[in-house]
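A.B. asks: quick one: sequence and predicted model below, then my questions.
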Amino acid sequence: MMRTACVLAVVAAATGIASAESVNVVYEGISGNLGQTVTVSLSGGLFFQDGSSSHGVWAGQLSQSIDGVSAKTYCTELTQWAGSGVFDVVSLDQAPQPGSGMGQTKAEAIYKLFNGTNRGADVTTNAQAAAFQAVLWEIIYDFSGQESDLSVAGGKVQFASGVNASLFNGFKALATAANGDVTPTVTAMVNDTRQDQMRVVPLPGTAAMATLGLFGIASRRRRA
């Protein structure tokens, strides 16, 4: 049985969401999104929400409504199913919850991955989206700082099918690049009973950028 256990990056520009302490999230499914079903096996004390250790799950984009704004996210955990509810907005290193969070080393690897793919915009096919999500799960559950920690067939999270190894390795290289960009462009939404999500922090809208530009011009005129 395939369950929805993952997702992709925000495409809606809604700067208000990023600064909120909590948001109302409505899960809207996977229809029309990039991704595909993969077979995941868990070990090391990890289990899916139904108690099983192996499942076919969706790896790729999930559609959400966040405070009424359409968005896409990537999932931050495998042990709970996606769903609607009130989520707290936290820095990525504090997710997933419940728990103590992934920590800064893992969060920076994820920043490198998103920043190395144009904030996730370069992920444009079903196979890429599945491999991208697979690397995210590997970072969250298996990464200690070494590239060798990230493997399709090793560690606590293993992929029996559905993940292209070549694409996986390409994304892995970006996530572990020594000179990768660790600018925190990704934030997390957490809920104790629903699957936590991560999303790209929306860029300022065109109107906001125009306002900043006009403000700069006015400032220069005053200084003149």
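C.D. replies: Done, it's in.
A.B. asks: wait, is A130 part of a helix?
C.D. replies: Yes - using DSSP: H, G, I helix; E, B strand; the rest coil, the assignment for A130 is a helix.
A.B. asks: okay, now the closest residue to it other than its chain neighbours: neighbour count?
C.D. replies: Leaving aside its chain neighbours, A130 sits nearest to A59 (4.1 Å; criterion: Cβ to Cβ, 6 or more residues apart in numbering). Backbone N, C-alpha and C define where each C-beta goes, glycine included. Using other Cβ atoms under 10 Å, A59 has 31 neighbouring residues.
A.B. asks: what do you get for T79?
C.D. replies: Count around T79 with other Cβ under 10 Å applied: 16.
A.B. asks: and it, its phi and psi?
C.D. replies: With angles defined as degrees, to the nearest 10, T79 sits at phi -90, psi 0.
A.B. asks: I figured it hits Q49, correct?
C.D. replies: Yes - in this structure, T79 is within contact of Q49 by Cβ atoms under 8 Å, at 6.2 Å.
A.B. asks: check which helix or strand T105 maps to.
C.D. replies: helix 104-116 (DSSP states H and E).
A.B. asks: now for that helix, which elements pack on it?
C.D. replies: With contacts taken as 3 or more Cβ pairs under 8 Å, 6 or more residues apart in numbering; DSSP states H and E, helix 104-116 sits against helix 126-142, helix 165-175, strand 186-190.
A.B. asks: so can I have CSV of these showing mean neighbour count and mean pLDDT?
C.D. replies: Converted to CSV, the helices and strands packed on helix 104-116 look like this (neighbours: other Cβ atoms under 10 Å; pLDDT from 0 to 100):
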stretch, mean neighbour count, mean pLDDT
helix 126-142, 25, 98
helix 165-175, 19, 98
strand 186-190, 24, 96
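A.B. asks: which one of these lies nearest to N24?
C.D. replies: Taking Cβ to Cβ, strand 186-190 is the member of the helices and strands packed on helix 104-116 nearest to N24, at 10.5 Å.
A.B. asks: by contact count, what packs against the helix or strand following the closest one?
C.D. replies: For strand 186-190, the following helix or strand on the C-terminal side (DSSP H and E) is strand 197-200. Here strand 197-200 touches strand 62-66, strand 69-75, strand 186-190, going by 3+ Cβ pairs under 8 Å, 6+ apart.
A.B. asks: that older thread, buried ones in the helix holding T105, by neighbour count?
C.D. replies: 106-116 (16 or more other Cβ atoms under 10 Å).
A.B. asks: do the same with stretch 38-54
C.D. replies: For stretch 38-54, a neighbour-count test (16+ other Cβ under 10 Å) marks 38-40, 42, 48-49 as buried.
A.B. asks: from those, which land in helices?
C.D. replies: Among the buried residues of stretch 38-54, DSSP state H puts none in helices.
A.B. asks: tabulate the residues you listed in JSON lines, adding columns for distance to F171 and pLDDT.
C.D. replies: Formatted as JSON lines, the buried residues of stretch 38-54 follow (distance: Cβ to Cβ, whole Å; pLDDT from 0 to 100):
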{"residue": "V38", "distance to F171": "14", "pLDDT": "98"}
{"residue": "T39", "distance to F171": "19", "pLDDT": "98"}
{"residue": "V40", "distance to F171": "17", "pLDDT": "98"}
{"residue": "L42", "distance to F171": "21", "pLDDT": "98"}
{"residue": "F48", "distance to F171": "23", "pLDDT": "97"}
{"residue": "Q49", "distance to F171": "26", "pLDDT": "95"}
